[in-house]
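Colleague: give the three-dimensional model of this entry:
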Amino acid sequence: MFRSEADYAAEMAAPASIPVDPTRPKHYSSPPRRDRSWRADRAGETLGVAHPTGPALGNQGPDQGYVLKLAKQFSDRLVLRPGEHAADAIDGACCVALRRASLYGRGPIAADVEVGLTVFGFLSEASDELVELRRGLFDEVHHTTIHYFTARRIADMVSEDTLRMAPAEVTESCSGNWKIPFES
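Modeller: Below is the predicted model:
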């Protein structure tokens with residue numbers, strides 16, 4: 001039996017005032033203009049001045065939540081040692097990725113996450129020294145409400161010079177000496 005759009009609309013939880021037929025006139029239209037001009041007068045606005053920096057303020061940028069979706073594509077590539085957890089590696093790398101993305105004034109991309117994972121040796125076999133360093137840093141860092149400052153420390157450890165490199169350059173520089181990305 002054929003069902004019309006009206007039949008489907010009757011089952012949906014929409015008020016009766018909402019038109020079902022797309023040819024019917026709209027029930028609402030916005031005014032042609034605002035009465036006043038827009039001004040940056042809200043508490044969080046920082047137009048015209050530098051964004052505040054300092055401990056625990058992080059690195060601001062657009063669309064930062066997208067990094068979590070990007071990071072999932074690396075889950076099956078992680079090289080972890082016993083006692084290490086994928087959630088900790090991913091969340092720590094996300095902090096590095098967001099810092100890298102903010103340096104370029106954009107939202108995160110997969111290359112940002114790749115750099116974060118590469119620097120700490122999560123995408124290849126890492127030296128015992130690097131594993132020991134990351135164990136102390138990344139342990140339980142995925143509990144961000146408790147370990148926020150540790151996550152910030154992970155992001156701040158990587159030098160800005162390293163963050164401005166392409167992922168292939170980071171891989172090459174880390175292969176010779178794992179300490180290079182942490183030196184300014």
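
Colleague: and stretch 173-184, how far out from the chain middle?
Modeller: The chain centroid and the centroid of stretch 173-184 are separated by 24 Å under Cα atoms, centre = their mean, to the nearest Å.

Colleague: in this structure residue 71 contacts residue 88, no?
Modeller: No - under the criterion of Cβ atoms under 8 Å, residue 71 makes no contact with residue 88, lying 11.9 Å away. From N, CA and C alone the C-beta is placed, and that goes for glycine too.

Colleague: so what sits against both of these two?
Modeller: Applying Cβ atoms under 8 Å, 6 or more residues apart in numbering, one finds that no residue jointly contacts residue 71 and residue 88.

Colleague: residue contacts, the most centrally placed residue in the chain?
Modeller: For the chain, the residue nearest the mean C-alpha position is residue 67 (3.1 Å; Cα atoms, centre = their mean). The contact partners of residue 67, taken as Cβ under 8 Å, 6+ apart, are 94, 97-98, 101, 108, 112-113.

Colleague: and residue 151, helix, strand or coil?
Modeller: Following DSSP: H, G, I helix; E, B strand; the rest coil, we place residue 151 in the helix state.

Colleague: what about the nearest residue to residue 96 once chain neighbours are set aside, neighbour count?
Modeller: Distances taken as Cβ to Cβ, 6 or more residues apart in numbering put residue 116 closest to residue 96, at 3.3 Å, once the chain neighbours are dropped. Other residues near residue 116 come to 33 when the count uses other Cβ atoms under 10 Å.
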